[in-house]
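A.B. asks: Sequence and predicted structure are below.
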Amino acid sequence: MPVLLGIDAGGSKTRALAADESGSRVAAGEGGPANLATLTPTAIREALAEATRNLPSPTSVCGCFAGLVSDRQASIARSILADLFPAARCDVRPDFHAALASSPAGTTCCVVAGTGSVVSSFVRGQVVRSGGGGPLLGDQGSAFAIGRRAVQALLAGRPVGPAVTAHLEAELGARGPTEVVGAIMGSSFPAAVTARLATPVAEDALAGDAEAEWIIAHEMGLLAELTLDHLRRFHAEIEEPRISLSGGLWRASPVFVKEFSSAVTQGWKGDTEGTDAARCIIEESRLPPVSGALELARRLHDEHRSP
């Protein structure tokens, strides 16, 4: 029986989902982060091996990787998949392809916000993207960007909220700026460690902490600006765009969805002022990105199925 395998290799963790030809789920697994831009091939292979350790041998595999921005990285990813699954057909894609493939029918664009962030959509059958520059070059509105803002506030001498303070002490054993920076930079996965600050920042914002409120409003505003620019460039003809939200940040706290939706709505009203344009529809994706990776593995299987 053919087994199809989808892998969502993210910046914080790796998820794997296997199903049979009919789409019935067979097994699932999780592993560590597997970002091609920040981790070594050895670390990525270990994460994928951990996530797929107890899964049956697949016939077709689609691995969707965070940090996949070059042919060299794609080659590394293919080599790892070929080593782990020598008998399978393998496809390699950026991680946002999985999120887009798992979006609801009728989606205009998908906004991914997890450790990183990116906006993507289909244009004439091809995937186009905006953002996704990673922790060094972009990722506005991501969990990493929000966590980084909190650390920057600490470094600037501004008080951070009690939830952030408690998280730094409990998770990193650090209090002052020097200890915090040392703990983050000395960790195995600095981006993922920084991204985990997003949840306590949200807790502080909901409790009325001014610094946390500004951080979330600012970063969600930047992500909304990126999203609206994507819609203007690629989907200007659509009067009522549907935006699908995918990624761990949206599930971390309702405050992120609220602030992002507010910023997008205000920007959309500004774009359509004086017209009868319809509203912008924003909805959270009901399926995780790994389901999209599995769907891409199914398409790969169908392409090579004997007539």
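C.D. replies: Nice, I can see it.

A.B. asks: From Ser142, how far off is Leu222?
C.D. replies: According to CB to CB, to the nearest Å, Leu222 and Ser142 sit 10 Å apart. C-beta coordinates here come from the backbone N, C-alpha and C atoms, glycine included.

A.B. asks: In terms of neighbours, single out the busier of those two.
C.D. replies: Ser142 (32 against 19; other CB atoms under 10 Å).

A.B. asks: Backbone dihedrals for the more buried one, please?
C.D. replies: Backbone geometry at Ser142, expressed as degrees, to the nearest 10, gives phi -80, psi 170.

A.B. asks: for the most centrally placed residue in the chain, phi and psi?
C.D. replies: The chain has Gly114 as the residue nearest its centroid, 3.8 Å off, counting by CA atoms, centre = their mean. Backbone torsions for Gly114, taken as degrees, to the nearest 10, come to phi -130, psi -130.

A.B. asks: Could you do Arg78 as well?
C.D. replies: phi -60, psi -40.

A.B. asks: The residue nearest to it when sequence neighbours are not counted: which element?
C.D. replies: Of all residues not flanking Arg78 in the chain, Val92 sits nearest, at 5.1 Å (CB to CB, 6 or more residues apart in numbering). Counting by DSSP states H and E, the element that carries Val92 is strand 89-94.

A.B. asks: And the contacts of that strand?
C.D. replies: By CB atoms under 8 Å, 6 or more residues apart in numbering, the residues outside strand 89-94 that reach it are 59-66, 68-69, 74, 77-78, 81-82, 118, 129, 132, 296-297, 300-301, 304.

A.B. asks: let's go with 6 Å and repeat that
C.D. replies: For strand 89-94, contacts defined as CB atoms under 6 Å, 6 or more residues apart in numbering pick out 60-64, 68, 74, 77-78, 81-82, 300, 304.

A.B. asks: low-scoring pLDDT stretches of the stretch 201-307 of the chain, where are they?
C.D. replies: Along the stretch 201-307 of the chain, segments meeting pLDDT under 70 span 272-278, 306-307.
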